[in-house]
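Asks: Quick one, fold the following:
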Amino acid sequence: MARNWMDYKTDMWVRWCPACGNFGILTALQRALAELDLPNEKVTIVSGIGCSSRIPYYVKTSNIHTLHGRPIAVAQGVKLANPDQVVIVASGDGDLLGIGAGHFVAVGRRNIDIKVLLHDNAVYGLTKGQAAPTLPLWFKTKALGQPNIQSAVNPLLLAFASGFTFIARAYAYHIDQLKEMIKAAIRHKGTSLIDILQPCPTYNDIMTKEWYEKRIYYLDKEDPSWDPNIEKPEDLKKIPKIVEKMMEWEPRIPLGIFYRNTMVEPFDVRIEKIMPGYLQNPPARRPVEINGRALTNPFHAFKDRLVQT
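Replies: Residues are numbered from 1 along each chain as shown. Okay, the predicted model is just below:
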C-alpha cells in the first residue's frame, strides 16, 4: 500500500515562527517521500544549526542533527557507508554557504549521491537576523545597523562550478512545485541542490512574500522549450544559456530545474572501480564484532602511542 505523507510526520511540536517558509519545505518533503514510497528507515536527513535545522525532528526517518556547517560532511559519511540510503541535507544558507562552504564545494567535486535542500532566507534567523551569505549587497534588514556591504553568494553558480550535477531553485510557498523538484532530485544519481527561496517574516523585512511573488517565474512555463538535461556531449552547447539563467536575479527571479547532467559518474561508481566489491559489501554491511569482541580494538591499534601511568 502506498504511503501517506502523514507516515513521515512525528509527534514533535513544530517550532517555527508563523508564516516561516520552513513549514512549506517540511510539507513538500514529507509529501515527496510519500509519493516516492520510500521506507522510513531508508531515508536519512542531516541538518546543521539554524531554524531550518530542526527539520530532522519533524520527519519520521533516520536522522542526524549535527554541528554548525557540517551536515554535508556527515551526510557524505552516511552515504559512503551505506550507498543504498537516500541521504538528504536540509539546512540554511548560513550553515551551508558560510561556515560549511568548503564542504559544499567538496561534495560537488565528488558527485556523491546526496540531496542538498538549501533553506535560503538570506539571514541568520536563529541568532536574530544577521546578514547571511545570500543577502544582496546594500540590503538593510531590520536587524542590521548598517546596509550589507558584502556581495551575495549565488548558490546556483557555486554549485555549478563545484560540480553538482542537479541544480534547481524553488519557492517555499509553492509546495506542489517544490515537492516535484525534491522528487526529481532524489531520482537523480549524483549531488543535487535545490536552492529554496523563503521569506523570513521575523527578521527579513525586505525579501517578503510580496517581494518574491512580484519577481519569481518558472523557466518551463515562460519557455516551453526549456531543457536542462545534459545527456550527451552535444548537449553541452546548452551551458551558456543555463549559466545565463543562473545569473538572472533582478528584476525577475527564475525558478525550476536549471541543470541536470547524467554524463558524470557518481562517486560510488568511481569507488567501485578502485575497490571492486564496494557496492555489494559497503561498510554498513560489514561485521564490526565477532562473538561480542570488536574487530578493531583501539587499544591494540594505538597501544604504542598510549601514555603509561
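Asks: Can you tell me how far the residue most central in space within the chain is from Val46?
Replies: Centroid-nearest residue in the chain, with Cα atoms, centre = their mean: Val116, separated by 1.3 Å. Val116 is 10 Å from Val46, where distance means Cβ to Cβ, to the nearest Å. Backbone N, C-alpha and C define where each C-beta goes, glycine included.
Asks: Common neighbours of those two, please.
Replies: Between them, Val116 and Val46 share these contacting residues under Cβ atoms under 8 Å, 6 or more residues apart in numbering: Ile72, Ile88, Val89.
Asks: now whichever strand or helix holds the last one: how far from the chain's centre is it?
Replies: Taking DSSP states H and E as the definition, Val89 sits inside strand 86-92. On the basis of Cα atoms, centre = their mean, to the nearest Å, the separation between the geometric centre of strand 86-92 and that of its chain is 4 Å.
Asks: Run through the neighbouring helices and strands of that strand.
Replies: If you count contacts as 3 or more Cβ pairs under 8 Å, 6 or more residues apart in numbering; DSSP states H and E, strand 86-92 packs onto helix 22-35, strand 43-47, helix 71-81, strand 114-120.
Asks: now with 10 Å?
Replies: Contacts defined by 3 or more Cβ pairs under 10 Å, 6 or more residues apart in numbering; DSSP states H and E place strand 86-92 against helix 22-35, strand 43-47, helix 71-81, helix 101-110, strand 114-120, helix 175-187, strand 192-197.
Asks: Who wins on neighbours among the shared contacts of Val116 and Val46?
Replies: Counting neighbours by other Cβ atoms under 10 Å, Val89 comes out on top of the shared contacts of Val116 and Val46 with 30 neighbours.
Asks: Redo the shared contacts of Val116 and Val46 as TSV? Include distance to Ala284 and pLDDT.
Replies: Formatted as TSV, the shared contacts of Val116 and Val46 follow (distance: Cβ to Cβ, whole Å; pLDDT from 0 to 100):
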residue	distance to Ala284	pLDDT
Ile72	19	97
Ile88	17	98
Val89	19	98
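Asks: where along the stretch 201-309 of the chain do the strands fall?
Replies: Here the stretch 201-309 of the chain has its strands, by DSSP state E, counting those that start in this stretch, at 216-218, 229-230, 253-261, 289-290, 293-294.
Asks: which of the ones you listed sits most buried?
Replies: Of all the strands of the stretch 201-309 of the chain, strand 253-261 carries the top mean neighbour count, a mean of 22, counting by mean count of other Cβ atoms under 10 Å.
Asks: now that strand and strand 192-197, what's the angle there?
Replies: Strand 253-261 and strand 192-197 meet at an angle of 180 degrees, taking axes from the mean of the first three to the mean of the last three Cα atoms, to 10 degrees as the criterion.
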